[in-house]
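[1] have a look at this prediction, sequence included:
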Amino acid sequence: MSNQNEWTKGDQWKVKWTARSPVNAALAPDPIVMDESSRQTSVRTEDVLEFEVLKTDKSSTVISLELHGETYELHMIHAGDETYLKKIQRKTSTIMELKEKAPLFTPDLSYGLLFDFPLRGGASRFMFKDLTGRDCQFERTEKSGLLTYQMSYQYPAGPKMRTIIEWRVGAKWWQSFRRESVYKDAKGQDIVDVFSEGILL
């Protein structure tokens, strides 16, 4: 299922974006797990993000993203029936680039941003490597015309980090985005901690 027939130059849309990060994010552990104390002292931001299709053809699409006064360009590649995010640029510098066709998943990198992007089309479940070379899992399910993409990484002695993206079939952008961790509390119960989320306006 490819997007190249869905995007048109000049298309615009907005996303309400909420993110939370530790006050001392630079000193946060890897993996990042926030206890109740750090949760209460974390920084919470809310923004409305603006997207615009700058160009699109059969082989690629470039979408701009306005975030905190910065303009990013999201470079998508259409390969047959698949679409994936190849590169992210800010002005003239490339800040992230995938060497191979794969989902973009940043389980513990700048989780206040929303650059995670699924590989759309192709297999519905497979393993892939993230930017650091870790083995991650991809799973796509569909129910009532809503595609759910889940990308996750399980730390050997820590939480599962995951991004969940819901995308309506035929829509130009996702309906919702959520980045979260799942870990055990003192009683062994699963605790889901949401770091950032977006809703299409």
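    Perfect, thanks for sending it.
[2] tell me the pLDDT at residue 187?
    Note on residue 187: pLDDT of 83.
[3] enumerate every residue touching it.
    By Cβ atoms under 8 Å, 6 or more residues apart in numbering, the contact set of residue 187 is empty. In this view, the C-beta of every residue, glycine as well, is placed from N, C-alpha and C.
[4] on the three-state scheme, it is what?
    State at residue 187, reduced to three classes by DSSP: H, G, I helix; E, B strand; the rest coil: coil.
[5] check the one 5 residues further on too.
    Secondary structure for residue 192, judged by three-state DSSP, is strand.
[6] any idea how far it lies from residue 58?
    According to Cβ to Cβ, to the nearest Å, residue 192 and residue 58 sit 40 Å apart.
[7] who has more neighbours out of these two?
    residue 192 (12 against 9; other Cβ atoms under 10 Å).
[8] ok, what's across the strand from the more buried one?
    Beta-bridge partners for residue 192, by DSSP bridges, are residue 182.
[9] ok, it to residue 7 distance?
    Distance of residue 192 to residue 7, given as Cβ to Cβ: 32 Å.
[10] for the residue nearest the centre of the chain, list the residues it contacts.
    In the chain, the residue lying closest to the centroid (Cα atoms, centre = their mean) is residue 116, at 2.3 Å. Residue 116 makes contacts with 103, 104, 105, 106, 151, 163, 165, 177, 179, as judged by Cβ under 8 Å, 6+ apart.
[11] and residue 75, by the same measure?
    So residue 75 contacts 60, 61, 62, 85, 86, 87, 88, 89 (Cβ under 8 Å, 6+ apart).
[12] still on that earlier bit, which strand or helix spans the nearest residue to the residue nearest to the centre of the chain once chain neighbours are set aside?
    Using Cβ to Cβ, 6 or more residues apart in numbering and skipping residues adjacent in sequence, the residue nearest residue 116 is residue 163, 4.4 Å away. Assigned by DSSP states H and E, residue 163 falls within strand 160-168.
[13] that'll do, ta.
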